[in-house]
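Peer 1: Here is my input, please return the structure:
(one chain, ligands or ions: 1)
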Amino acid sequence: MDIKTQLEELKAKALGELAAGGDGASLEAWRVRYLGKKSQLTEILRSLAGLSIEERKEVGALSNTLKIELDAAFKIAEETLLARAASSADAKDTIDISLPGRPFPRGHLHPVCQALGEISSIFTAMGFQVLEGPEVEWDYYNFDMLNMPKEHPARAATDTFWLDAPPNDAGWKMLLRTHTSPMQVRTMEKNRPPIRIVVPGIVHRYEATDATHLSMFSQIEGLAVDEGISMADLKGTLHEFARRFFGTDRRVRFRCDFFPYVEPGAEMAVECGVCRGDGCRLCGGSGWIEVLGAGMVHPNVLEGVGIDSKKYSGFAFGMGIERIPLLRAGVEDIRLFYGNDLRFLRQF
Ligand code: PHE
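Peer 2: Sure, this is the predicted structure:
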C-alpha cells in the first residue's frame, strides 16, 4: 500500500471514530492514538527518510495537512464535550428564583426558660443583678443560716433529698436545695449592702408528682438589703413586677404568711386571669392565685452573716416559675412542661 493510500485510510478511520463520540477518557485515548508521539502519523512521517525528494515533498505536505485536520477535529470534539458537560451542570444548579423559600426549622426556648428570662429582665430593669447558685447545697445554707437550726420543725415542711455523702468537717450535710433562698446567705456572706439580686434556679423537693406538684421545679429568689428598706419597698417592688409581668389591669393581694427567715412574712397573689376574681377551676374558686412568698429579712439572718440589723434591713421573695406560664396560658397539668411533647411546647 502506498503512503498516500495509508494516509487516506488513516484520515477516514480517525475522523470516523471521532464522529462516533464518547467521553473525556475516550477522547484523550483518541488524541494519543492519532496525534501523540507514537501515533501512526508520526511513524509515516518518520518513514519519509527513505523516499525521493519529490515523493518526500508530496507526502510531507499531505501528512502535514492531515495533522492539521486531525488537530482541528480534535479541538472541535473537545469543545463540544466541554460545552455539553457545562450545560448539564447548569441544569443541575439552576435556581428557580420564583420558588418560595424553604422555612428553616428553628427551635425556641422552653416556656419555663422564657418566663425566667422575662422575670429576670423586669428585675434587672429595676436595678437588680442576676446571680446563680449551686443546686447541690449544704444544709448550713439551705436551713441553718436561714433561721432554721437543726430539729427546727420548719425543716420538715419541705421533704428533702439528702445526698448519700459524708458531712464536711464543720458537720454540714449535703442536699439538693429545696429553695433558692440559700443564695440570700451566700450573697450576704460575700457582699455588704446595698445588695439587690435575683437568683433563678432549679430546686428539688421529695414530693409525689401530680397535676400541680413536681419534685423538681424552678424558682426565682429576690433580695434587697440597704439602709432604711421597709415593707413599703417590698410591696412597691413586687406590685410593680406584677404590673409589668401580668399587665396593669390585674389586681394584686398581699396577705400574712410565715417563713422562718423573714419577719413579717407575706404571700402575694394575683387576680386570676381566667375568671378575674369570680372564682373558677383554675384558681380553685378563690379568684386569686398565689405567686410568691416574701417578707422582711429576719434580723437573725442578717446578724448570722455579720450585717448589723440595727443599721440595715432588707426584703426577700421567692416565686415558683412553672406555675406562671401555667397561669398565663391556662395549662391544667404542670407535668406537661417536662413531658418533652413538642406539640405542647411549640405553643409557647
Ligand atoms: N423560700 C420560700 C419558698 O420556697 C419563698 C420565700 C423566699 C419566702 C424568700 C420568703 C422570702 O417557698
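
Peer 1: Those residues of the chain touching the ligand, which are they?
Peer 2: His179, Ser181, Phe259, Val262, Gly293, Ala294, Gly295, Ala316, Phe317, Gly318 (Cβ under 6 Å from any ligand atom). Yep, even glycine has a C-beta here, placed from its N, CA and C like the rest.

Peer 1: In CSV: these, plus pLDDT.
Peer 2: Below are the residues of the chain next to the ligand laid out as CSV (pLDDT from 0 to 100):
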residue, pLDDT
His179, 95
Ser181, 97
Phe259, 94
Val262, 97
Gly293, 97
Ala294, 98
Gly295, 98
Ala316, 98
Phe317, 98
Gly318, 97
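
Peer 1: Would you format those as CSV with neighbour count included?
Peer 2: Output for the residues of the chain next to the ligand, formatted as CSV (neighbours: other Cβ atoms under 10 Å):
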residue, neighbour count
His179, 22
Ser181, 28
Phe259, 23
Val262, 26
Gly293, 21
Ala294, 25
Gly295, 24
Ala316, 25
Phe317, 24
Gly318, 23
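
Peer 1: Quick check: strands, which of those residues are part of them?
Peer 2: Among those, DSSP state E puts Val262, Gly293, Ala294, Gly295, Ala316, Phe317, Gly318 in strands.

Peer 1: can you give me the helices in this structure?
Peer 2: For the chain, helices defined by DSSP state H occupy the ranges 3-19, 24-35, 40-47, 53-93, 111-125, 139-142, 182-190, 231-246, 299-304, 323-329, 342-345.

Peer 1: Could you say which one of the ones you listed comes nearest to Cys280?
Peer 2: Of all the helices of the chain, it is helix 323-329 that lies closest to Cys280, at 11.7 Å by Cβ to Cβ.

Peer 1: can I assume Tyr206 is in contact with Leu175?
Peer 2: No. Contact criterion Cβ atoms under 8 Å: Tyr206 and Leu175 do not qualify, at 9.9 Å.

Peer 1: Show me what Trp162 is bridged to.
Peer 2: Beta-bridge partners of Trp162, counted by DSSP bridges, are Leu175.

Peer 1: Please list all residues in contact with it.
Peer 2: Lys173, Met174, Leu175 (Cβ atoms under 8 Å, 6 or more residues apart in numbering).

Peer 1: what's the spacing between the residue nearest to Lys67 when sequence neighbours are not counted and Tyr34?
Peer 2: Spatial nearest neighbour of Lys67, chain neighbours left out: Leu41 (6.1 Å); criterion: Cβ to Cβ, 6 or more residues apart in numbering. From Leu41 over to Tyr34 the distance is 7 Å, taken as Cβ to Cβ, to the nearest Å.

Peer 1: More neighbours: those two, which one.
Peer 2: Tyr34 (24 against 21; other Cβ atoms under 10 Å).

Peer 1: Leaving out sequence neighbours, find the closest residue to that one.
Peer 2: Tyr34 sits nearest to Ala14 (Cβ to Cβ, 6+ apart), 4.7 Å away.

Peer 1: give the contact list for the one you found.
Peer 2: Taking Cβ under 8 Å, 6+ apart as the test, what Ala14 contacts is Trp30, Arg33, Tyr34, Leu70, Ala73.

Peer 1: Selecting buried members of those residues in ChimeraX, what would you type?
Peer 2: Remark: buried members of the contacts of Ala14, expressed as a ChimeraX selection using 16 or more other Cβ atoms under 10 Å:
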select :30,34,70,73
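
Peer 1: so which of the contacts of Ala14 comes closest to the ligand?
Peer 2: Trp30 (86.3 Å; Cβ to the nearest ligand atom).

Peer 1: and the residue lying closest to Val262 once chain neighbours are set aside, bridged to which residues?
Peer 2: In this structure, Val262 finds its nearest non-sequential neighbour in Gly295, 2.5 Å apart by Cβ to Cβ, 6+ apart. Per DSSP bridges, the residues bridged to Gly295 are Gly265, Ala316.

Peer 1: ok so, going back, show me which of the contacts of Ala14 is closest to Arg346.
Peer 2: Nearest to Arg346 among the contacts of Ala14, counting by Cβ to Cβ, is Trp30 at 61.9 Å.

Peer 1: my read: Ile122 touches Arg244, true?
Peer 2: Yes. If you go by Cβ under 8 Å, Ile122 and Arg244 touch, sitting 5.0 Å apart.

Peer 1: Pipe the contacts of Trp162 into TSV and attach neighbour count per row.
Peer 2: What follows is those, written out as TSV (neighbours: other Cβ under 10 Å):
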residue	neighbour count
Lys173	18
Met174	17
Leu175	21
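
Peer 1: That's all I had, so thanks and see you.
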